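J.: This is a predicted model, with the sequence first.
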Amino acid sequence: MRCVGFGLLLLMVSPCLRSQTAKPSPCEADTTYPGWLVYANREFHFCLRYPPNYQEVAALPRDEFSSTRVFLSDLYLKHLLPGTHGGPVDDKAGIGFVYISRTFSVKQIQTCCAPTGLNDTPPDAVRLPNRMFYFYGPGGGGVDYADQYMTEIQGKILSIQFGGPWRDSKSPIEETKRLETKILSTLQTY
C-alpha cells in the first residue's frame, strides 16, 4: 500500500503515520465531552477531541516548495462538502492544523501568521486551563478568514484554524466561535 498525505489550508496527519506503532494518545481517556472523537497526530505528538459531526479528510501531498509549513488533514462538517471558502454566505466549515517549523515566539507568529500580511499587530493571548494560545481573527480586505490559534509544540508553532461557515461577516459564525475554545481545551501533547 502506498501512503500519501494530502491537505488544504488546515493541518492533520496522513492515516499511514497514525497507524505506526506509538504511545497511545492521552486524549483516548478524556471523557470531558462524551461522544466526541479523537484526532491524534502521531508525527507531531498531539491530540484533541472534536464533535462527531466532523469527518477527517486526509492532507494533500507535502509541497516541496514550502519549507516552513506542513499542512495535515482537515476536519470538515459531514453535511458540508469540502471546497474553497469564499463569500459571505459560504456554508463550508472546517478545522485545520498547520505545523510551522519556525522557532516558537510571538514575533515569529506575527511574521508568519498575521492575517493582514503585516507583522505590526501582535496576536491576542488566550489563556485556557491547559495552555496559552495566540489568536488572530479577520484581516483587511473583503475575504473570509479562519479564526487561527497558535501554540507551541516541540519548540515550533502549531496553528489550529477554524473556518466557516460565514454569514454576513469575514469571521466564522458564533456557533463556530463557541466551539473553538471547547476543542482547544482538549489539546494535549504526548
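T.: It's in. Numbering: from 1, shown residues only.
J.: Could you check how far stretch 146-165 is from the centre of its chain?
T.: Its chain's C-alpha centre and that of stretch 146-165 lie 5 Å apart, by CA atoms, centre = their mean, to the nearest Å.
J.: Now that stretch: average pLDDT?
T.: Averaged across stretch 146-165, the pLDDT comes to 93.
J.: buried ones in it?
T.: By 16 or more other CB atoms under 10 Å, the buried positions in stretch 146-165 come out as 146-153, 156-165. (Glycine included, C-beta is placed from N, CA and C.)
J.: gap between the longest helix seen in the chain and the chain center?
T.: Secondary structure assigned by DSSP state H gives helix 174-184 as the longest helix of the chain. Relative to its parent chain, helix 174-184 has a centroid offset of 12 Å by CA atoms, centre = their mean.
J.: then that helix to CSV, C-alphas only?
T.: Taking Å, rounded to 0.1, in the frame of the first residue of the first chain, the C-alpha atoms of helix 174-184 are listed here in CSV:
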residue,chain,number,x,y,z
GLU,A,174,-20.9,32.5,16.6
GLU,A,175,-21.7,28.7,16.8
THR,A,176,-18.2,28.0,15.5
LYS,A,177,-16.6,30.6,17.8
ARG,A,178,-18.3,28.9,20.9
LEU,A,179,-16.9,25.6,19.7
GLU,A,180,-13.3,26.8,19.3
THR,A,181,-12.3,27.0,23.0
LYS,A,182,-14.0,23.8,23.8
ILE,A,183,-12.0,21.9,21.2
LEU,A,184,-8.8,23.8,22.1
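J.: Number the chain from 46, please
T.: Let's use 46 as the start, then, which means that last one is helix 219-229.
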